[in-house]
Each structure stands twice: as structure tokens, then as C-alpha cells.
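Q: Need the 3D shape of this:
(chains A, B and C)
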Amino acid sequence: MTAAPVAFPEAPPAPGRIRTWLASPIGAQVTAIVVFVALWQLLTLIAPRVPGPVDVTQFLYTEITGGSHGGIITGEFWEHFAVTLRWFSLGLLIGFVGGLLVGVAIGSSGLARSLLNDTVLVLLTMPAFVWAFLTTMWFGISWRAPVLTVAFVAFPFVAINVAHGARAITPELKNMSNAFEVGRWKQFRHLILPAVAGYIFAGLRFAIIVGWNAVLLSEWFSGQAGVGFRTRYWFDANRYRGFLGWVIVFIIFIVVLDRVVLNRLQARAFRWRDPIEVDMELAEIEQVGA
Amino acid sequence: MTSVAEAVSEGQDQANVLRTAAGSRRRRYLAVVLGWLFFLGVWWALSALLDSEARLPSPPRVVEEMRTIFEGDFWTQFWASVIRVLTGFFAAVLIGTPLGFVMGRSKYWGNFLQAPVVVAGSIPGLTYAVMAFVVFGISFWGPVAVVGLIAMPYVAINVAEGVRGVDRRLIDMSIAYGRSESQVFRHVTVPSVLPFIFAGVRLSFSLAWKVGTLTEVFGASKGIGFQIRRNYQLFNMPAVIAWVLLFVGFMLLLERFVLVRIERRLFRWRQWEQHQ
Amino acid sequence: MARVDIQRLTKIFPPPLKGGDPVTAIGDISFEIDGNVFVSIVGPSGCGKSTLLNILSGVETPTSGTVAVTEAGRPARLGYVFQDARLLPWRTVLDNMLYVRDDDGTDKAARYLEMVGLSHTHDMFPGQLSGGMQQRVGIARAFSVEPDLLLMDEPFSHLDAITARSLRDHLQELWTATRKTVLFVTHDVVEAVQLSDRIIVLAPGGRIFDDITIDLPHPRRAADPKVATQQAEILGRFEEMQPASASD
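A: Modelled structure (predicted):
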């Protein structure tokens, strides 16, 4: 028996397309950015020493296209950026390879774990600026300082994540594939690699984020060239629009790199898992030290 | 259990289980000791190899420096840093929790605040430290603001997560028994969200303290960060390493022991939970 | 002793998928319950049993029709037992008993806890109890507020058969001692016959298929042949109903 047709209350008229877009996730984020810039501009009215978004954008335009800032020679933007990227990549490579080796050792051998885990933990807890100081004390004004700062800072993050990944290959899975007499290469490709790849990638991603921070710190303190050096140059000259301009450059670089590129790649590597769980697990690994 | 032989063998089984449990605990302590011996050993060997106090002072040299520090004003410096960090985390919880509630309850605000919160997480620490110095100068509030700003997104995101995950069935039960909205908030929502607040603090702990210390490097007249910078400028390598190790040791102890203990006490009821 | 008066109650849910049909959970049913009786609502899944309880407890609102749950003219006080115990995991057993009270009736709470044999757990957390024990606490909690009407939503369906049997006995003890008005939802006919004075049978689509009175003394033992005979007879009527209604 069906009841007499029930009329649901009339749905309210659909909101205009603009309102729908505004309420959507992307719309909300764009609104947030717009609000932030507006607030920033307002801030300059209260604190006139703080350069506003317009000033900073002007500065950046001049700096990047190679004009002159009212008599001060422009900073050879691309040259400095390239220098920083070179040091960053080299240090990252060293830290990543080292972390990979130690991480695999810790993950697969109980003895290696006992010996190395606490050392890695100590290195993990050391603030990046300490490495910037130490390398400057060791090498003075040299390319070795920023490169090794990045390496030392990135190394423990890679090691810890790789170790965790290596341990994710449970004996049960190994037994299962042995029971089915799966060939060694197949085992590697389908069992070990996918399980570990995600963690290796996560370690690399952490390494990139902290490594970028590290290279900036080292350049700031050891003062030879690069993005960090230029930032300090403008800061020391009390020209805050220049300082903020370079700050924005390095923030945009890492935010774009991380959120647009690395995020997607990590999701692919971990696509058999729930993304929120993955983020939380990775944060825990770093905190608890595997 | 009929015969004496069976009783004895069961007793032996139980003893074996206890023995292996104690054995594995002993083995774990052994592993920790081994790890530290390895660390000290490699350090000592390296320092002997380099044979230069400016390059790598030996462990005994650093210990001697630590003793000097302790006889000096270690505790003043130490407490200065700790107070700043504690205040910062307190602020982070104070601001991040209501923020997280809003984000968790409303889809729109969740998305709106997602962008700045996420960006805040990617900003290099150098930015925070220098900006704090520009805004606050040499002050107590610089490191506090930085610690607060760094920890706050973690707290907000975790609280949002917790708010979204409050068990609907417990709320239904409360409605069925005629509990008021404030009762539901106090007895169901708050206890559900509390562990998430704690998780937010725990996850950001290490990072927030590191950047807070960096802020002290720029804008403080006392504190651990200040001491490290001072000795760096004096090129006093043993002192730099001594302060760094003291800092690291303290952080590890705090994370491993204090935080874990507090969490266990606050959430005693969770140890018997089978599922989340 | 409560009075439940349901007249032409209908509950329709909006279609779960866009462009689909609305779902009629309850279709124009009417019945009355009066006095200290144990009434069961029986039916297969999808016949609206849980929806009915949700409407009675105020969690859902009817689409049309009236529902009146009164005790001597005023709104009745309700007790509710769910399929899962629904205890606050972060409070002790005793605190859980007190949470649902408006007064500070510690002794009352303790007394009911003792009636189900769980006095020793008053200081423990729900996580330390087994599923059956948690459910027992849930039942004690419901009885302890001394409700006018006790709603029970398939309270034993998540338990193993042995525990369920034992809990049914506990329930009968409590009920014969306190003689509340009980509305008990279940898909298990056999259980309904053992426990109730009256069985209301709902069919898929939410309409009343049958209204059966059971005239046996309380408490009833599952092994009692008279109980078994009734169970067999009513099961037979159910077998008639199944092919008669459209399969869901």
C-alpha cells in the first residue's frame, strides 16, 4: 500500500552561480587568499613601516626582470636562485642517499636498529640552524656549508621514513609470497617496492621541505650567495620591501612545489591507502621516531 | 587440571612466559644502552681523528663544558626558553581549539581556513623567526608568537577532525534520555575532542620548539637559542655543542616521557578500547 | 504506567539517490498501548521498526499523523536500550548511570547495578567490560531512571546466543520486579514470544500486518513447552506472511 503522494516542502530557489562557486572548496580558498591580501594592505595603514602588497609586488617585478631599484643594482635574481637550487639539490642528494642506506639498515636488521636508531633520533631533534652554525664554523665561507647543512638536516627524515617502510613489509606477506613460490623479481616488484615506495617518497618529501628551510638558513648565516643571502642583504639594509619580496619568493616556491607537485605524487605512491591516515601516520613517525 | 605433573608443567609455562617478557624488556634496555654507546663511541673516535677542539671536541671536553654551564646560569636560561614555549602552546590551544570547532562543524569555514592553515605549515621557520624579530624586537613575545603560530594549525586541524568524528550514536543516546545541549557538549563532545587537542600539540611539539629556539637566536636576550648564538659568535665550539646536546636531550626526555605519561593519565580509559 | 497513542503515523524519507523514489519507512499505522505491558514490535529489516522508536524518542519527527506518549496526562519519561550499549567510554560505569539522571541518585543507580549483578564494576571503564556486560549496564541504566516507557531496540541482536539468553533472563527479572511499560523491537519472533504480552507485526513498507496477544504468566522460561507451542504457532503465521508481502 502506498501512501497518498506527499509533497515535500518546495525547495528554495537555487542560489546564483556565483554564490555556488563562492561556497565551493575552491571558492572558499580563493576568498581566503583575497581576504588575506586585503588584511595585509589594511595592516600597512596601521604600521606604515610594513610594506604593502603593492610595494612588494613592484619590487619583485623589478628584481626579476632586472631593472634598478632607484639606484641600487638589482640582484641578479635568476643567478642567485640557481645557486640556491644547486646547493639545495646536492645537499638533498647526499642526505637522501645516506638516509636511504641507514633507513634500510635500521628497518631490516635488529642490530642496526639498536645501534643507529637513537643517533638518528638525536639528529632528528637538532634544529636546522645549529647545522648552519656548525658547518659555518667548520668550513667558513664555502659552498660546503649550505650543502652539508641541507644534507645533515634532511638525512634523519629520510632514514626514519625509510626504516618505517622497510618494517611495513611484514613477515606474513613474505611468507605468503613464498608459499605461492612467487619469483624473487616478482616479489620485489609487487611486494617490496610498492610497500616501501610510499615511505621512501614521504621521506623525500619531508627532506625537501626541511632541506629548503635549511639552505635558506645556511645562506642567511654564511652570507655568500643565493636566495637566503639576498633576503638577508635587504634585511640588513632595512629595506623591508626587498626583504619581504624575497621571503615571498621562497615561500611561493616551496608551497607550489609541495602542494602542487609532491602532494599529487605522494597520493599516487600511497594510492592504496586513505590519504588522511597517511598524513597522520607520517606525522607520527617523525614525532615518535619510528 | 588433574595431575600434579600437569599443574607443574602449567606453572612452568607461565614462568616461561614471564621470563621471556622480562627477557625482552631486558633486551630492549640493552638495545638502548648499545645505541648510546655506539653514538658516544663514534663521536669519541671521530674527535680523536680530527684532533681539534674547534672542529669536534671530545665527549669529555663537552661534559666539562656542560658542568661549567650548570655551575653558571643554566636554569635561568633554560626556564626562559621553557616558559616561552609553554605560553606559546597554551596560546595555540586557546586559539586553535575554537578555530578547529568552527572548521569541523561547517564545511564552508573548513574550506576557507584550510588554505591559510596549510600554507602556514609550509612556511620556512626562518620567515617566522625574522618576522617575529621585526615585529617584536628583542622580547619574550617573539618566540611565544612563533610557537603559537606554528602549533596552532596542527591543533585546529586535529580538533576539526575530532569534531567531525564525534560518535553520533552517543549523541542520539543523550537525546533519547533528554540530555540538554550543554550536557551533550560537556559530556560527549569535549571528551571526544580532547585527545585530538593533545595530538595536535604532540605532533607540532618538535617543530614548534625548534623554530621557537631559532626565534631566540634572532630576538632574545636569554634562553637556549640565545646561548647557542652567543657561543657561535664567540666561536666556542665546545659550548655550542654542550648547549645543543642539552637542548636535544631535554626535548627527547620531554617527548618520550613527560608527554607520553600525561597522555596516558588523561586518557586512562583508552587503554582498554579495542577499536578506535 | 504509560500510554502510547499512535494515530495514522507516516514517515517518508526523501529519496536516497537523486531522481529515485521517496522511501516510506512507516505507512499510516495506528495502535494504542495502555498499562504495564510488555509489547514487542516484530518484523524483517526495512519494516520501519527502528524508525518508529526514533520517532517515539524524539530523534526523528513524523511526516504526518500523531504520536502521543503520556503518563497520567503529562509527557512520559523515557528509558532507552540500544543495540550497542552506548556507554560513554570516558566515564566509569557508575558515572554513566548518573549521566542520564537529573538528580544525584547514586544509591538508586547502585541498586539497579546490583540487580543486574554488576556492582563490582561501578568504578571500571566500559572498555574493561565484555559486550554482554556493557549491554547489561545499558539495561540497568534504562531501568534506573524509572521511566514511564522503556524503549528497547533489538538489544540482544549483537550478542552471542548464550549471553543473549542470560540477558533475557536478567531482563525478565527486572521487568517482573518493576512492571514498566516496555516497547521492545526485534526481528526474532521466538524472543518476542518469550518476553511479551503482545506482539505487533510490521510488514515491509511500514504497515501493521498482525497484532497478537500472548496470554502466559511471567517470567517465562525458554524451555517451557507452553512457551514453545506458542512460538511454533506464531512462527507458522510468519511463514505465511513472508511470501505474501513483496520481497524487499
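
Q: okay, now B:L245: neighbour count?
A: A total of 17 residues lie near B:L245 under the criterion other C-beta atoms under 10 Å in any protein chain shown. In this view, the C-beta of every residue, glycine as well, is placed from N, C-alpha and C.

Q: Residue 146 sits in which helix or strand?
A: Because you didn't say which chain, this covers chain A. helix A:144-168 (DSSP states H and E).

Q: Actually, chain C is the one I wanted.
A: C:E146 belongs to no helix or strand when assigned by DSSP H and E.

Q: Pull the contacting residues for it.
A: For C:E146, the contact set (C-beta atoms under 8 Å, 6 or more residues apart in numbering or on different chains) comprises C:77, C:108, C:178, C:180.

Q: my guess is C:L94 meets C:H120, correct?
A: No. The pair C:L94 / C:H120 is not scored as a contact, 11.3 Å apart, by C-beta atoms under 8 Å.

Q: More neighbours: the two, which one.
A: In this view C:L94 and C:H120 are compared by other C-beta under 10 Å, and C:L94 has more residues nearby, 18 against 10.

Q: ok, now which ones touch the more buried one?
A: C:106, C:109-110, C:113, C:122-123.

Q: give me the number of residues near B:N236?
A: Neighbours around B:N236, by other C-beta under 10 Å: 18.

Q: Hmm, I typed the wrong one, I wanted B:F185.
A: 12.

Q: got it, and B:R27?
A: Here the number of neighbours of B:R27 (other C-beta under 10 Å) works out to 12.

Q: now check the helix holding A:P146, is it near chain B?
A: No. Residues of helix A:144-168 are not located near chain B by C-beta under 8 Å from any C-beta of the partner chain, the shortest gap being 10.4 Å.

Q: model confidence over that helix, on average?
A: Mean pLDDT, computed over helix A:144-168, is 91.

Q: How about stretch B:239-259?
A: Stretch B:239-259 shows an average pLDDT of 90 in the prediction.

Q: Likewise for stretch A:41-53?
A: 78.

Q: how about that stretch as CSV, C-alpha atoms only?
A: Extracted in CSV, the C-alpha atoms of stretch A:41-53 (Å, rounded to 0.1, in the frame of the first residue of the first chain):
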residue,chain,number,x,y,z
GLN,A,41,47.0,46.1,2.9
LEU,A,42,45.0,47.2,5.9
LEU,A,43,47.9,46.4,8.2
THR,A,44,50.2,48.8,6.3
LEU,A,45,47.8,51.6,7.3
ILE,A,46,48.3,50.8,11.0
ALA,A,47,52.0,50.1,10.8
PRO,A,48,53.4,52.3,8.0
ARG,A,49,56.8,50.7,8.2
VAL,A,50,55.4,47.4,6.9
PRO,A,51,55.4,47.4,3.1
GLY,A,52,52.1,46.6,1.5
PRO,A,53,51.3,44.0,-1.2
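
Q: hmm, back to that, closest one to chain A out of the contacts of C:L94, please.
A: C:D123 (31.7 Å; C-beta to the nearest C-beta).

Q: what's the neighbour count on that closest one?
A: Using other C-beta under 10 Å, C:D123 has 10 other residues around it.

Q: which SSE is it in?
A: Applying DSSP H and E, one finds C:D123 in no helix or strand.

Q: Next one: it from B:P191, what distance?
A: In this view, C:D123 and B:P191 are 18 Å apart by C-beta to C-beta, to the nearest Å.

Q: what about the closest residue to A:V50 other than its chain neighbours, which helix or strand?
A: Excluding the flanking residues, the one nearest A:V50 by C-beta to C-beta, 6 or more residues apart in numbering or on different chains is A:T44, at 5.2 Å. Secondary structure assigned from DSSP H and E places A:T44 in helix A:25-46.

Q: where's the residue nearest to A:V50 relative to A:D55, distance?
A: For A:T44 relative to A:D55 (C-beta to C-beta), the value is 8 Å.

Q: what sits in contact with each of these two?
A: With C-beta under 8 Å, 6+ apart as the test, A:T44 and A:D55 reach no residue in common.

Q: what's the next secondary structure element after the helix holding A:T44?
A: Beyond helix A:25-46 on the C-terminal side, the first helix or strand identified by DSSP H and E is helix A:53-65.

Q: residues touching the closest residue to A:W220 other than its chain neighbours, list them.
A: Counting by C-beta to C-beta, 6+ apart, A:W220 lies nearest to A:G228, which is 4.3 Å off, once chain neighbours are set aside. Shown in contact with A:G228 (C-beta under 8 Å, 6+ apart): A:84, A:146, A:215-220, A:250, B:126.

Q: top of those by neighbour count?
A: Neighbour max across the contacts of A:G228 (other C-beta under 10 Å) = A:P146, 35 neighbours.

Q: hang on, the residue nearest to A:V50 packs against A:G52?
A: Yes. In this structure A:T44 lies within contact range of A:G52 using C-beta under 8 Å: 3.9 Å.

Q: Listing request: residues of the stretch 151-276 of chain B with sub-threshold pLDDT.
A: B:273-276 (pLDDT under 70).

Q: what residues does it put near chain C?
A: B:169-170, B:172-173, B:175-179, B:183, B:187-188, B:191, B:267-274.

Q: do that again at 7 Å, thanks
A: B:169-170, B:172-173, B:175-177, B:187-188, B:191, B:269, B:272-273 (C-beta under 7 Å from any C-beta of the partner chain).

Q: Report the rounded mean pLDDT for whichever helix in chain C runs longest.
A: The longest helix of chain C (DSSP state H) is helix C:225-244. Averaging pLDDT along helix C:225-244 yields 79.

Q: Over to stretch A:263-278?
A: pLDDT averaged over stretch A:263-278 gives 69.

Q: Closest one of the contacts of C:E146 to chain B?
A: Closest approach between those and chain B, by C-beta to the nearest C-beta: C:R77, at 7.8 Å.

Q: I appreciate the help and will end here.
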